[in-house]
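> Provide a 3D model corresponding to the input given below.
(one chain, ligands or ions: 2)
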Amino acid sequence: MPHPESWLQPRPEGLYCEPGDFFVDPVRAVARAVVTHAHSDHARPGHGEVLASPETLALMRARMGEDAFAAGTPLGWGERRRIGDAELFLQPAGHVLGSAQVAMTVQGSRAVVSGDYKRTPDPTTRGFVPIACDVFVTEATFALPVFHHPPPEAEIRKLLDSVALFPGRTHVVGCYALGKCQRLIALLRRAGWQAPIYLHGALLPLCRLYEAHGVALGELRPATMAARGELAGRIVLAPPGAIADRWARRLADPVVCLASGWMRVRQRAKSRGVELPLVISDHADWDELLATIAEVGAPEVWVTHGREDALIRALALRGVRGRALRLVGYGDEDDDSPAPVVAPEARADAEA
Ligand SMILES: [Zn+2]
Ligand SMILES: [Zn+2]
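Ligands and ions are numbered 1, 2, ... in the order given. Now for the predicted structure:
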């Protein structure tokens, strides 16, 4: 049985499966790409053929236009596809709508690329399905013991308690357009918030796409159309870059909130002027990473975008061989907002 190292290699474009002649989540345009999910650091424009879940293909078209790629090949969950000498299938990753893990098998040896993932149930996406493998390729966005995500329901409760406490103020919540926004809305609905939720214009199109894929979000209204005074006591969602700028200033005495795994770092919330940090993440935290790696049972783990070293040390103590892939081009957070990026300063914060 050949070791995955002999047929799956990091290249400047991304991870390359030689027997199948395709890349997984390439950061440059290639002839054939398998894409785990539609966040902009994983799904780039300009590929020839893209193999992905139907939801990911739809999201890529919605974000990058109909000519985002030349040809899209949808793959159903668990559907086996032979490409060259590799066999391929997808299983859910629990990260955002359509997010997949890519399982590749070559002569009986299997590697699984998880893309980004989380294990906490999320009403807007299918739950992560563990796949036994010889090499597991994991993200490491929150791979430090300090990162422990509280239950999202408790964070939503904090938000609703604050709304009840300040009925004259508008709560404006910063969140990314793909995934976090829709998850927050779904969590608010589950917590009993049935009032209309107001959205910054940048967030509306993907909410409509989620709804078209069967995710109910309740009544959504564009915040810009709201009459004067209408937003007092309401919840408004906006991209992280908009919550502290001119756009938010016309809201009624806004309470600035931000929903991100980075809100675990107090200094980060403070430096962004966030009054109510909500620790809600679409990435696995430290315990979830270790539990997932134990569950898939891979003797070897390759680590991408994040704090590789801490995770690799922890794995060594558990008898698992770790390897830092050091692929370039993946973000720390799924930041696709037009405004300032979280990544570099967040990295510094987490290490402080
Ligand atoms: Zn992502
Ligand atoms: Zn990512």
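
> for whichever residue of the stretch 101-250 of the chain sits closest to ligand 1, phi and psi?
Proximity of the stretch 101-250 of the chain to ligand 1 (CB to the ion) peaks at Asp116, 3.6 Å away. (Each C-beta comes from the backbone N, C-alpha and C, glycine too.) Here is the backbone geometry of Asp116 (degrees, to the nearest 10): phi -110, psi 150.

> that one against Ser99, yeah?
Yes. Using CB atoms under 8 Å, Asp116 is in contact with Ser99, at 6.8 Å.

> so for those two, which residue has more residues nearby?
For Asp116 versus Ser99, the count of surrounding residues by other CB atoms under 10 Å is larger for Ser99: 33 against 29.

> how about the more buried one: what's its closest non-neighbour residue?
Excluding the flanking residues, the one nearest Ser99 by CB to CB, 6 or more residues apart in numbering is His37, at 3.7 Å.

> got it, and Ala316?
Counting by CB to CB, 6+ apart, the residue nearest Ala316 is Gly322, at 6.5 Å.

> same thing with Arg307?
That would be Ala143: by CB to CB, 6+ apart, it lies 4.4 Å from Arg307.

> where does the one you found fall, secondary structure wise?
Using DSSP states H and E, no element contains Ala143; it sits outside every helix and strand.

> rewinding a little: and what about the residue nearest to Ala316, helix, strand or coil?
In three-state terms, and counting by DSSP: H, G, I helix; E, B strand; the rest coil, Gly322 is strand.

> the residue in the chain that ligand 2 sits nearest to: what's it in contact with?
When distances are taken as CB to the ion, the chain reaches nearest to ligand 2 at Asp116, 4.2 Å away. Listed by CB atoms under 8 Å, 6 or more residues apart in numbering, the contact set of Asp116 reads 36-37, 39, 42, 93, 95-96, 99, 139, 141, 282-283, 334.

> shared neighbours of Asp116 and Ser99, anything?
Joint contacts of Asp116 and Ser99 (CB under 8 Å, 6+ apart) are Thr36, His37, Ala93.

> Leu217 - nearest residue in space that isn't next to it in sequence?
Per CB to CB, 6+ apart, closest to Leu217 is Ile185, 4.8 Å.

> ok but that neighbour is inside a helix, no?
Yes. Ile185 forms part of a helix when assessed by three-state DSSP.

> ok, it touching Arg221?
No. Counting by CB under 8 Å, Ile185 does not reach Arg221; the two are 11.9 Å apart.

> what about the strands in the stretch 1-150 of the chain?
8-11, 14-17, 22-24, 32-34, 47-52, 69-74, 81-83, 86-92, 100-106, 109-113, 135-140 (DSSP state E, counting those that start in this stretch).

> so which of the ones you listed is the most packed in?
strand 135-140 (a mean of 26; mean count of other CB atoms under 10 Å).

> send the alpha carbons of it over as PDB?
Listed next in PDB are the C-alpha coordinates belonging to strand 135-140 (Å, rounded to 0.1, in the frame of the first residue of the first chain):
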ATOM      1  CA  VAL A 135      -3.600  10.600   6.600                       C
ATOM      2  CA  PHE A 136      -6.000  13.200   7.900                       C
ATOM      3  CA  VAL A 137      -5.400  16.800   6.700                       C
ATOM      4  CA  THR A 138      -6.800  19.200   9.300                       C
ATOM      5  CA  GLU A 139      -7.100  22.900   9.700                       C
ATOM      6  CA  ALA A 140      -5.600  24.400  12.900                       C
END
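
> low-confidence ranges, the stretch 201-350 of the chain, go.
Counting by pLDDT under 70, the stretch 201-350 of the chain contains low-confidence ranges at 331-350.

> so for the residue of the chain closest to ligand 2, what's the pLDDT?
Turning to Asp116, the model gives it a pLDDT of 96.

> residue contacts, the nearest residue to it once chain neighbours are set aside?
Distance criterion CB to CB, 6+ apart; nearest residue to Asp116, sequence neighbours excluded, is His95 at 4.5 Å. Applying CB under 8 Å, 6+ apart to His95 gives the contacts His37, Gly115, Asp116, Tyr117, Lys118, Thr125, Gly179, Asp282, His283.

> circling back to that earlier point, around the residue nearest to Arg307, how many other residues sit close by?
Neighbour tally, Ala143, other CB under 10 Å: 25.

> can you offset everything so residue one is 36?
Sure, I'll start numbering at 36, so the last one becomes Ala178.

> wait, isn't it in contact with Asp322?
No. Under the criterion of CB under 8 Å, Ala178 is not in contact with Asp322, lying 10.8 Å apart.

> pick out the most distant pair among the contacts of His130.
Thr160 and His318 (13.0 Å; CB to CB).

> before we move on, the earlier item: can you redo the contacts of Asp151 as JSON lines, where the extra columns are distance to Tyr51?
Output for these, formatted as JSON lines (distance: CB to CB, whole Å):
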{"residue": "Thr71", "distance to Tyr51": "15"}
{"residue": "His72", "distance to Tyr51": "19"}
{"residue": "His74", "distance to Tyr51": "20"}
{"residue": "His77", "distance to Tyr51": "15"}
{"residue": "Ala128", "distance to Tyr51": "20"}
{"residue": "His130", "distance to Tyr51": "23"}
{"residue": "Val131", "distance to Tyr51": "25"}
{"residue": "Ser134", "distance to Tyr51": "21"}
{"residue": "Glu174", "distance to Tyr51": "19"}
{"residue": "Thr176", "distance to Tyr51": "23"}
{"residue": "Asp317", "distance to Tyr51": "27"}
{"residue": "His318", "distance to Tyr51": "25"}
{"residue": "Asp369", "distance to Tyr51": "24"}
